[in-house]
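Participant: Build me a model from this:
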Amino acid sequence: MTRPSTDALDLTADYQRAGFGARLPFGQQPALVVVDVVQAYVQPGSGLYAQGFVDAVEPNRRLVAAARAAGVPVIFTRVAYDALGRDGGLFFRKVPALRSFVPGSPLGAFVAGVEPEAHETVVTKQYASAFFGTSLASTLTALKVDTVLVTGFSTSGCVRATALDALQHGFAPFVVREACGDRDERPQQSNLFDLQAKYAEVVSVEEAIQALRPVDDAKSDAVLQASD
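Facilitator: Residues are numbered from 1 along each chain as shown. Down below sits the predicted model:
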């Protein structure tokens, strides 16, 4: 990872002095929420395609495998609209590229290696947050989840909105840096910075995988500290 510039380091220090960026604890009952890792973002020619999404696919595969191996629930989200996008309201009007998710489009299919198994939960949504207008909060509560690892597409959109709503519903959000993608490195980095400062812990894929392994409480606290 590229070392932050002096200005970035100064900005981090400024936020910390102002009272941002306290640590959230990693709980006892995590779940992995994989947000919209679908073909629309990784297929060249799609309006939503960008290399940053392609780069995030393999870290998602690793995390899904690690969660399954540890017996941690994995929840997948996808987007789907009616043929006219009426259930997408103003969001569908604002972002015409969301036509990738109308009936008959192959772009809404999950990416190979990041598909749900038959017993795993799939949340279908129409808006950015995986919590908005869905049963996700109830599902997590029923599973006694206290912590959500959030990955997927895009960092500045659906990942950010999902992490924010996780916090607001009382689930500690841990956003996995390499497993999130965006159209450009600038919104990617600015949103990761802001999430860490205000709403979530931003961790590496290695930290996330380590935290999914059975460890004692003291080791868990040491393993999963947000990166600067």
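
Participant: and the lengthiest helix in the chain, what does it pack onto?
Facilitator: Among the elements of type helix in the chain, defined by DSSP state H, the one spanning the most residues is helix 51-70. Secondary-structure packing of helix 51-70 (3 or more C-beta pairs under 8 Å, 6 or more residues apart in numbering; DSSP states H and E): strand 30-35, strand 74-79, strand 147-153, strand 172-181, helix 205-212. Where C-beta positions appear, they are placed from N, C-alpha and C, glycine not excepted.

Participant: what angle sits between that helix and helix 205-212?
Facilitator: 20 degrees (axes from the mean of the first three to the mean of the last three C-alpha atoms, to 10 degrees).

Participant: Residue nearest the middle of the protein, spatially speaking?
Facilitator: What sits nearest the mean C-alpha location of the chain, by C-alpha atoms, centre = their mean, is Thr151, with 2.8 Å.

Participant: any weak-confidence spans in this structure?
Facilitator: With pLDDT under 70 as the threshold, the chain has low-confidence stretches at 1-8, 214-228.

Participant: Mind doing that once more with 90?
Facilitator: Counting by pLDDT under 90, the chain shows low-confidence ranges at 1-10, 213-228.

Participant: got the contact list for the longest helix of the chain?
Facilitator: In this structure, residues lying in contact with helix 51-70 by C-beta atoms under 8 Å, 6 or more residues apart in numbering are 32, 34, 37, 41-42, 73-74, 111, 113-114, 117, 149, 151-154, 176, 178-185, 188, 205, 208-209, 212-214.

Participant: and the angle for that helix with strand 147-153?
Facilitator: Here helix 51-70 points in a direction 150 degrees away from that of strand 147-153 (the same axes, to 10 degrees).

Participant: mind exporting helix 51-70 as PDB, just the C-alpha atoms?
Facilitator: The C-alpha trace of helix 51-70 is given here as PDB (Å, rounded to 0.1, in the frame of the first residue of the first chain):
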ATOM      1  CA  GLN A  51     -10.600  -2.000 -12.600                       C
ATOM      2  CA  GLY A  52     -10.900  -1.200  -8.900                       C
ATOM      3  CA  PHE A  53     -13.800  -3.600  -8.600                       C
ATOM      4  CA  VAL A  54     -11.900  -6.400 -10.400                       C
ATOM      5  CA  ASP A  55      -9.000  -6.000  -8.000                       C
ATOM      6  CA  ALA A  56     -11.400  -6.500  -5.000                       C
ATOM      7  CA  VAL A  57     -12.800  -9.800  -6.200                       C
ATOM      8  CA  GLU A  58     -10.000 -12.100  -5.000                       C
ATOM      9  CA  PRO A  59      -9.900 -10.600  -1.400                       C
ATOM     10  CA  ASN A  60     -13.700 -11.200  -1.300                       C
ATOM     11  CA  ARG A  61     -13.100 -14.800  -2.300                       C
ATOM     12  CA  ARG A  62     -10.600 -15.200   0.500                       C
ATOM     13  CA  LEU A  63     -12.900 -13.700   3.100                       C
ATOM     14  CA  VAL A  64     -15.900 -15.800   2.100                       C
ATOM     15  CA  ALA A  65     -13.800 -18.900   2.300                       C
ATOM     16  CA  ALA A  66     -12.400 -17.900   5.700                       C
ATOM     17  CA  ALA A  67     -15.800 -17.100   7.100                       C
ATOM     18  CA  ARG A  68     -17.300 -20.400   6.000                       C
ATOM     19  CA  ALA A  69     -14.400 -22.300   7.400                       C
ATOM     20  CA  ALA A  70     -14.900 -20.500  10.800                       C
END
